[in-house]
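Asker: I need the structure of the sequence given here:
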Amino acid sequence: MRVFSIGSDDSFREYEAKPFDAEHEEAVLERWLESNPDGILEDSGVMIIGRQVQTDLGGFIDLVGVDRSGNAVVVELKRDRTPRETIAQSLEYAAYICRLDADALERILRVYEGDESLSLADQHREYFELSDAEAVAFNKDQRVVVIGQSVTPQIRQTAAFLGSKGVHVTCVEFTFFEADGGRRLLSQDIVVGRDRSRAAQVSGASRKTTETEFLASCDEHGRAVFSPILKWASQEPLSVNWGVRGFSAGVYFDASRVNICYAYPAYSGWKQQLYLAISDRFGLLTTATPETVVASLREQADGIGPFVRAGRGDLKCYIDRMFTEAETDAIMRWLESARQAIMKYGPKP
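Answerer: Model prediction:
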């Protein structure tokens, strides 16, 4: 396949297909795919919940995810050709994953995101924008994905055979292109499974984001809200925990932490949003704050125009427009009121 860019003068400039493994480690491909997971499966999106997950036999799974139905997805990456033993290795990893319950998958997600407050069910529902009527049972089935520059005929044949026996295996080939000036493209072709190809510009990704990277990944609407929140959260005794995409702000009490809010940038699966941790398992309800005070705070947040109910009584707002100064001030007042309540009443005894 030849790939061209089109100049302003309608001239073509060809991208050169280059051996990916000559200049890149497999970890680079891992980062690219975890930031761009939509091309991994042919019939569903994937929410990545883990990277380099260790199994009980000492192996390490490149990427672990869940699809829209809650099935676990095991992703094995090869930067060059896929050796014959790739399928056996992938099935070994799937055999390990299939024994994990929802709580174990949730622990993998928390390690991956660096946030002990996350709920797998809530994050999955938000990521796939499921309706209240859509029920999900996690890990009822497993899916295997093999990705390499060249998926050998032996691997394709074995994967197709396993598929005919009910073992879901998808094989994806990728081609790396580079043009003058360092511009890069990565094409993805699903060679076992329903045919689909996708080309996308690729870029690296950090294991955990930083404040600078986070704000750069927000649009102007998001930066106008998140910048004052981060400035407020930098004050003691508040703490900010950074994940792969966003952050949580909260208060530490010895070994425990009470979260006040979560923030996600524009490119994340949860869209650009601010999420208030009221009924969250690590939010206000985990403190000794009286129910009347919690109810008052919830009512106060309800009165801030952009917020809507989410989950078990929390509130969230999508930041898809420029908030008014009054709305931003109201959000900051709510965050400070929540902080004061947490500091006043402390954790439950």
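Asker: please count neighbours and contacts with C-alpha atoms only from this point.
Answerer: OK.
Asker: hey, where'd the helices end up in the stretch 101-250 of the chain?
Answerer: Along the stretch 101-250 of the chain, the segments classed as helices by DSSP state H, counting those that start in this stretch run 102-113, 120-128, 153-164, 211-217, 220-233.
Asker: reformat those as JSON lines; add mean neighbour count and mean pLDDT.
Answerer: Below are the helices of the stretch 101-250 of the chain laid out as JSON lines (neighbours: other C-alpha atoms under 10 Å; pLDDT from 0 to 100):
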{"stretch": "helix 102-113", "mean neighbour count": "18", "mean pLDDT": "93"}
{"stretch": "helix 120-128", "mean neighbour count": "18", "mean pLDDT": "90"}
{"stretch": "helix 153-164", "mean neighbour count": "16", "mean pLDDT": "88"}
{"stretch": "helix 211-217", "mean neighbour count": "16", "mean pLDDT": "89"}
{"stretch": "helix 220-233", "mean neighbour count": "17", "mean pLDDT": "94"}
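Asker: Lys271 is nearest to which of those?
Answerer: helix 120-128 (8.3 Å; C-alpha to C-alpha).
Asker: ok now that closest one, how far from the chain's centre?
Answerer: What separates the centre of helix 120-128 from the centre of its chain is 10 Å, taken as C-alpha atoms, centre = their mean, to the nearest Å.
Asker: tell me what angle it forms with helix 102-113.
Answerer: Going by axes from the mean of the first three to the mean of the last three C-alpha atoms, to 10 degrees, helix 120-128 is angled at 60 degrees with respect to helix 102-113.
Asker: grab the longest helix from the chain for me.
Answerer: Counting residues, the longest helix found in the chain (DSSP state H) is helix 325-345.
Asker: for it, output the C-alpha coordinates as CSV.
Answerer: Extracted C-alpha coordinates of helix 325-345, given in CSV (Å, rounded to 0.1, in the frame of the first residue of the first chain):
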residue,chain,number,x,y,z
GLU,A,325,-17.6,33.6,35.4
ALA,A,326,-20.5,33.0,37.7
GLU,A,327,-20.6,29.3,36.9
THR,A,328,-16.8,28.9,37.5
ASP,A,329,-17.0,30.8,40.7
ALA,A,330,-19.9,28.6,41.9
ILE,A,331,-17.8,25.5,41.1
MET,A,332,-14.9,26.8,43.1
ARG,A,333,-17.1,27.7,46.0
TRP,A,334,-18.5,24.1,46.0
LEU,A,335,-15.1,22.5,45.9
GLU,A,336,-14.0,24.6,48.9
SER,A,337,-17.2,23.9,50.8
ALA,A,338,-16.6,20.2,50.3
ARG,A,339,-13.0,20.5,51.4
GLN,A,340,-14.0,22.3,54.6
ALA,A,341,-16.6,19.7,55.4
ILE,A,342,-14.1,16.9,55.0
MET,A,343,-11.5,18.7,57.1
LYS,A,344,-14.1,19.5,59.8
TYR,A,345,-15.6,16.0,60.2
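Asker: name the residues of it that are buried.
Answerer: 328, 330-332, 334-335, 338-339, 341-343 (16 or more other C-alpha atoms under 10 Å).
Asker: dump the residues you listed to a markdown table, plus distance to Gln272.
Answerer: As requested, those are exported to a markdown table (distance: C-alpha to C-alpha, whole Å):
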| residue | distance to Gln272 |
| --- | --- |
| Thr328 | 15 |
| Ala330 | 19 |
| Ile331 | 16 |
| Met332 | 17 |
| Trp334 | 19 |
| Leu335 | 18 |
| Ala338 | 22 |
| Arg339 | 23 |
| Ala341 | 27 |
| Ile342 | 26 |
| Met343 | 28 |
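Asker: ok, so of those residues, who is nearest Pro83?
Answerer: Leu335 (53.4 Å).
Asker: how about that closest one: what's its closest non-neighbour residue?
Answerer: Nearest residue to Leu335, sequence neighbours excluded (C-alpha to C-alpha, 6 or more residues apart in numbering): Ile260, at 7.0 Å.
Asker: and the one you found, what element?
Answerer: If you go by DSSP states H and E, Ile260 is part of strand 256-264.
Asker: what's the angle between that strand and helix 220-233?
Answerer: Going by the same axes, to 10 degrees, strand 256-264 makes 160 degrees with helix 220-233.
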